[in-house]
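>>> the following block contains a protein sequence and its predicted model.
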Amino acid sequence: MEIDPAASRAVLKRERVRDAILELIEGRRPGDAIPSERALCAELGVSRPTLRAAVDQLVVAGLLVREHGRGMFVAAEKITQELVSDRQTFSLPQAAGTWTSRLLEFSTLPAGARVGRRLRISPAARIRYVARLRLVDGSPMAIEYLHVPADLVPDLTSDELENGDLYEHLGERHGIQVSEAVQSIEPTVVTRDEAGLLDVPELSPALLFERLTSDAQDRPVEYVHSIYRGDRYRIVSRLALGPRSGHPSARDGHHPGIPPGDFLPGEPVTFSTRGVVAGDLFGHGGGRGGVGPAT
């Protein structure tokens, strides 16, 4: 494959401009204005299209906010919530902000073939189907679709789905102790209907989460898929590639994503994934909830 030199120069120039603007952002506080596009073009010695492309990337990433007629401002600081904190527990640390839910649908219906396969139940088995809008401090963050076998939660209420932590409700009120979850994440874009609920333009970037949660008996108890706003949420992962002083060594074995033989036998590799929620410009932060954080 031949690389177009002109295209390569354009990409590298845009990246340098992006780095320069990031330095400006890091030197300011949330809500502070940054120089105008004209001033930045003169300071950085680049064209308006090159600068605008870099700024667009930072707006989509949730680091800058454009206000028509006012200019560009530093977005609120991002809030981090750990998704997987410990392989031995299914606990999720509390983050700042208030997560709430607004029910869009709550019904009982047949699982169907696709959901039935995931929950390991008959397609004709009944499930509790829930669609809800997840909000952070009143600002829409995600649309979530939950599927739970109806015989596990015959008395599930709308109040449990709109208030508090669903996993706590499952344990305290329904005797379901969640133990493990397998989650996948992939990029997508929002449809027109999703855009209206999430208050973003149609075809805006988003993250698609799918999660299957099991209890201590390895019984599937919940299947969820969700659409998260791409401008407000990103994933950060931390890898611990060796033992810490005084910590016992883990058993030998292959860890997904780490080629066998890259580390000495007995050295533990732990994996922690975090969801970072970008706050609104004027004080709306992240918090607990959603497929990334908690249901």
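Great, that's in hand. Numbers count the residues shown, from 1 in each chain.

>>> so where do the strands sit in the stretch 101-250 of the chain?
Secondary structure of the stretch 101-250 of the chain by DSSP state E, counting those that start in this stretch: the strands cover 126-136, 139-149, 178-189, 205-215, 220-229, 233-240.

>>> turn those strands into CSV, including mean neighbour count.
All C-beta spots, glycine's among them, are computed from the backbone N, C-alpha and C. Formatted as CSV, the strands of the stretch 101-250 of the chain follow (neighbours: other C-beta atoms under 10 Å):
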stretch, mean neighbour count
strand 126-136, 21
strand 139-149, 23
strand 178-189, 14
strand 205-215, 19
strand 220-229, 23
strand 233-240, 15
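
>>> can you redo these as CSV with distance to residue 155?
Formatted as CSV, these follow (distance: least, C-beta to C-beta, whole Å):
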stretch, distance to residue 155
strand 126-136, 10
strand 139-149, 12
strand 178-189, 18
strand 205-215, 17
strand 220-229, 15
strand 233-240, 32
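
>>> least confident of the ones you listed, on average?
Of all the strands of the stretch 101-250 of the chain, the segment with the smallest mean pLDDT is strand 233-240, scoring a mean of 68.

>>> from residue 19, how far out is the most far-flung residue of the chain relative to its centre?
Ranked by distance from the centre of the chain (C-alpha atoms, centre = their mean), the top residue is residue 42, with 36.9 Å. Applying C-beta to C-beta, to the nearest Å, the value for residue 42 to residue 19 is 18 Å.

>>> any idea of the mean pLDDT for stretch 5-22?
Here stretch 5-22 scores 80 as its mean pLDDT.

>>> and that stretch, which residues are buried?
Across stretch 5-22, burial judged by 16 or more other C-beta atoms under 10 Å covers 13, 14, 17, 18, 21.

>>> and the last one, what are its phi and psi?
Taking degrees, to the nearest 10, you get phi -70, psi -40 for the backbone angles of residue 21.

>>> same check, this time on the third one
Residue 17 adopts backbone torsions of phi -60, psi -40, taken as degrees, to the nearest 10.

>>> who touches it in this structure?
Residue 17 makes contact with 44, 46, 50, 51, 54, according to C-beta atoms under 8 Å, 6 or more residues apart in numbering.

>>> bridging residues for residue 131?
residue 105, residue 145 (DSSP bridges).

>>> dump the residue contacts of it.
By C-beta under 8 Å, 6+ apart, the contact set of residue 131 is 103, 104, 105, 106, 143, 144, 145, 146.

>>> can you show me the helices along the stretch 51-200 of the chain?
Assigned by DSSP state H, counting those that start in this stretch, the stretch 51-200 of the chain shows helices spanning 112-119, 158-162, 166-174, 192-198.

>>> tell me which of those helices sits nearest to residue 225.
helix 112-119 (9.9 Å; C-beta to C-beta).

>>> what is the mean pLDDT for the closest one?
Helix 112-119 comes out at a mean pLDDT of 90.

>>> which parts of that helix are buried?
115, 116, 119.

>>> out of those, the closest to residue 209 would be?
Residue 209 has its nearest neighbour among the buried residues of helix 112-119 in residue 115, at 15.8 Å by C-beta to C-beta.

>>> which one is the closest one nearest to, not counting chain neighbours?
Closest residue to residue 115 apart from its sequence neighbours, by C-beta to C-beta, 6 or more residues apart in numbering: residue 147 at 5.0 Å.

>>> ok, now residue 75?
Leaving aside its chain neighbours, residue 75 sits nearest to residue 65 (5.1 Å; criterion: C-beta to C-beta, 6+ apart).

>>> just residue 36 next, same as before
Nearest residue to residue 36, sequence neighbours excluded (C-beta to C-beta, 6+ apart): residue 71, at 6.2 Å.

>>> beta-bridge partners for that neighbour, please?
For residue 71, the beta-bridge partners under DSSP bridges are residue 67.

>>> give me phi/psi at the closest residue to residue 170 other than its chain neighbours?
Using C-beta to C-beta, 6+ apart and skipping residues adjacent in sequence, the residue nearest residue 170 is residue 176, 4.1 Å away. Main-chain dihedrals, residue 176, degrees, to the nearest 10: phi -110, psi 110.

>>> ok, residue 176 - contacts?
Per C-beta under 8 Å, 6+ apart, neighbours of residue 176: 152, 153, 170, 215, 221.

>>> again, only using 6 Å
Each residue near residue 176 by C-beta atoms under 6 Å, 6 or more residues apart in numbering is listed here: 170, 215, 221.

>>> repeat that for residue 5.
Under the criterion of C-beta under 6 Å, 6+ apart, residue 5 has no neighbours.
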